[in-house]
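# would you be able to build a 3D model of this:
(chains A, B, C and D)
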Protein chains: 2
Amino acid sequence: MKKATLADIAARTNVSISTVSLVLAGKGEGRCSPDLIETIQGVARDLGYRGNRLASALRSQKSRTIGFLSIGVATRPYAGQLILAAQLAAKRRGYDLLFVEVENEASSIQVAIDEMAEHLAAGIVIAAYFHHEIDAPDYLPKATVMANCFTTRHSVDTFIPAERESISQVLDEIGLRGHKNVAFIVHRTDYPAGTLRTKGFLAAAKKYGWQNADQRISLTSDSTADEGYEATRKLLLNDSSITAVVAFNDQLAMGVYQAVKELGLQVPEDVSVAGFDDLQLISEGLRPGLTTVRLPHFEMGEMAVEKLIDLCEGDDELSKATHEILGELVTRESIAQVYERATSVTALSAGSIN
Amino acid sequence: MKKATLADIAARTNVSISTVSLVLAGKGEGRCSPDLIETIQGVARDLGYRGNRLASALRSQKSRTIGFLSIGVATRPYAGQLILAAQLAAKRRGYDLLFVEVENEASSIQVAIDEMAEHLAAGIVIAAYFHHEIDAPDYLPKATVMANCFTTRHSVDTFIPAERESISQVLDEIGLRGHKNVAFIVHRTDYPAGTLRTKGFLAAAKKYGWQNADQRISLTSDSTADEGYEATRKLLLNDSSITAVVAFNDQLAMGVYQAVKELGLQVPEDVSVAGFDDLQLISEGLRPGLTTVRLPHFEMGEMAVEKLIDLCEGDDELSKATHEILGELVTRESIAQVYERATSVTALSAGSIN
DNA sequence: ACGAATAAGTCAAAGGTTTGACTTATTCGA
DNA sequence: TCGAATAAGTCAAACCTTTGACTTATTCGT
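Predicted structure coming up:
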């Protein structure tokens, strides 16, 4: 059974192809009788008419296809929700996603853009698996948006996490529970995640009066569990007054748990731990569950595509803004209440021993 | 600068559009003079000619677009490599990937297939984030392949992991290192991963003479670290002779570590542990690193797309086979050598002390 | 020197849809 | 009852590429 075309429907209804086209495009009102509209729709349904996106796009010079340029999004366990949300948002508005993996390198992105042009893609979204700057080529299509990444070379609608505000949520958890001796382990890096989360930590330290905050920042050369482990050992061995360790991400936090336990201490009774990213493999897998912050991957993907389609459909001329989106605090069991400062703790524990 | 078309090139070279088309399609040999070919290619380059995939596909009724129907592939941390490999393989042969997320439900898949038909997709690959059967609709396009999933309703080229053989690799590691008291923790399920890996365990038990193997299979109701933890506690508390625990996947293995350590034992000195999946967040993050098996996600994605394109291009009529692909043993530090069984161990260690 | 073969291209239709400009028939107002 | 307005469609070109069938001019063999 060959695919039905407008011509097939026209033949069966004894009208012209134009009429069928108009009707099925929803532009029949006032031009065609209600009866005819009914009939045409009926026949279209009977024949299983599906339309031909290629012919349509070719003629109208506008396709309902979006190029999704991914920098590691699908292949790493971090940002999968971004692509899911993008797909859902696109589908909701009748668009499809052309997926292409690229390097964060102008030439690689350029190649992908050219490829998308061959498809007459309505627009492109550039998305990355972690929040960083893109090496953008000289020209970007007018309809371009970025998700979880940004460029300083062009003015583009951009959707990124609100790093400072997001980590503040988990820092508040710690501050409000009375911790005063808090350490921060962060991957030494110039990426926004590193610098902004550190600023968030420093701000929280000031807000809650955390002691020696700047000496309690431990810089690691990577964000692995191993690095988290080593950093925590040093921190805790040097300074036994620390009651909470905040990690730049969940992988480091995993290492924090390991070090804490190896030192014969307990999470959260002896040391509270906070992570960032909500990598569920880790945050749900650790015992006790890790309190952390889920990055707004889903939201970024969804909003980016929504914006892109608005742009394509001209509803929304040229705003070109950067949107910072808040993550969500995911509370599990890794943060405990501190009742008093050092001196009183002794009294307290002595009391419980009795 | 509008996109250049064949007509633009034809105008600048004073030949017909047909000629330009032929030349750029590489069919100029013998029909056009070498000089002309040279000229046309030069002008095409100068104008930045990119071709119009829509027009081309419309005319020739064959597109270079593949529909990638994903069941959780991008959104879960397991199988990302599959989509990357698919993309790479497609690009290598000049195809693009139309990505769509679907449910494992005939109607959802049907909708996606219809959508792909609107794009005149050359073929589709159906891929899943874990190895299981697809609820296939009544009709599948002739050019359909499956990756990490399968159907019994249709005859389709299928690429799945060789579950038994894959887990055997890690079981061999354990067997060859002298373990005789080995437990297996597996998610109670009818999925191939569960049943086939269990068969693999039983086969290894027979091969290496593991004792009481069937009593040492612990069925869990989920594959989480928590379940792994609980199962391991029961196992180890009941039976202190166990020297190795094999988990059905890395998440369970994470729980095994937790239980082992909480019982005051060490991995691998007291209890060796093996996982499955090589979820690096876990397998690299645990201390010591987890010996596990990487599933052939990359290979499945690559081979599936290769096969699909062969199918589309007719190089390869109708073989319709199921290909089982071996995973790769990833050796880390979680498996130790056992020198002898109970009685002799004493002798041996006595010997070495001397 | 004539017919056949070869080289170098061209012609024109087709693929399915969209859309601004028309047409034709009917209805309405005065 | 006439001209205008409205309703209900139709026309035909355009989007860009592909391809089997042709054409025209030159060369070759004998």
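
# mind listing what the residue nearest the centre of chain A touches?
By C-alpha atoms, centre = their mean, chain A has its centre lying nearest to residue A:297, at 1.8 Å. Residues in contact with residue A:297 (C-beta atoms under 8 Å, 6 or more residues apart in numbering or on different chains) are A:78, A:79, A:80, A:81, A:82, A:85, A:148. Every residue, glycine included, has its C-beta placed from N, CA and C.

# what pLDDT is listed against the closest residue to chain B within the stretch 101-250 of chain A?
Distances between the stretch 101-250 of chain A and chain B by C-beta to the nearest C-beta are smallest at residue A:225, namely 3.7 Å. Listed pLDDT for residue A:225 reads 98.

# so it touches residue A:252, yeah?
Yes: Residue A:225 sits in contact with residue A:252 when judged by C-beta atoms under 8 Å, with a separation of 7.1 Å.

# mind checking which of the two has more residues around it?
residue A:252 (31 against 27; other C-beta atoms under 10 Å in any protein chain shown).

# below-threshold pLDDT in the stretch 1-150 of chain A: ranges please.
Scanning the stretch 1-150 of chain A for pLDDT under 70 picks out A:1.

# give me every residue in it lying close to DNA strand D.
A:14-19, A:22, A:30-33, A:35-36, A:55, A:58-59, A:61 (C-beta under 7 Å from any atom of the strand).

# distance check, the nearest residue to residue A:247 once chain neighbours are set aside against DNA strand D.
Using C-beta to C-beta, 6 or more residues apart in numbering or on different chains and skipping the chain neighbours, the partner closest in space to residue A:247 is residue A:253 (3.8 Å). Remark: distance between residue A:253 and DNA strand D (C-beta to the nearest atom of the strand, to the nearest Å) = 53 Å.

# how confident was the prediction at residue A:343?
45.

# ok, and the closest non-adjacent residue to the residue in chain A that chain B sits nearest to?
Closest residue of chain A to chain B, C-beta to the nearest C-beta: residue A:77 (3.1 Å). For residue A:77, ignoring the flanking residues on the chain, the nearest one in space by C-beta to C-beta, 6+ apart is residue B:77 at 3.1 Å.

# OK, contacts around the one you found?
With C-beta under 8 Å, 6+ apart, residue B:77 has these contacts: A:77, A:80, A:279, A:281, B:279, B:281.

# how about the host helix or strand of the fourth one as CSV, C-alpha atoms only?
Right, the one you point to is residue A:281. Residue A:281 belongs to helix A:280-283 when assigned by DSSP states H and E. Presented in CSV, the C-alpha positions along helix A:280-283 are these (Å, rounded to 0.1, in the frame of the first residue of the first chain):
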residue,chain,number,x,y,z
GLN,A,280,20.9,9.0,41.2
LEU,A,281,23.3,6.1,40.8
ILE,A,282,25.3,7.7,43.5
SER,A,283,22.9,9.8,45.5
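
# would you mind listing what in the stretch 51-200 of chain A touches DNA strand C?
A:51, A:52, A:55, A:56, A:58, A:59, A:60.
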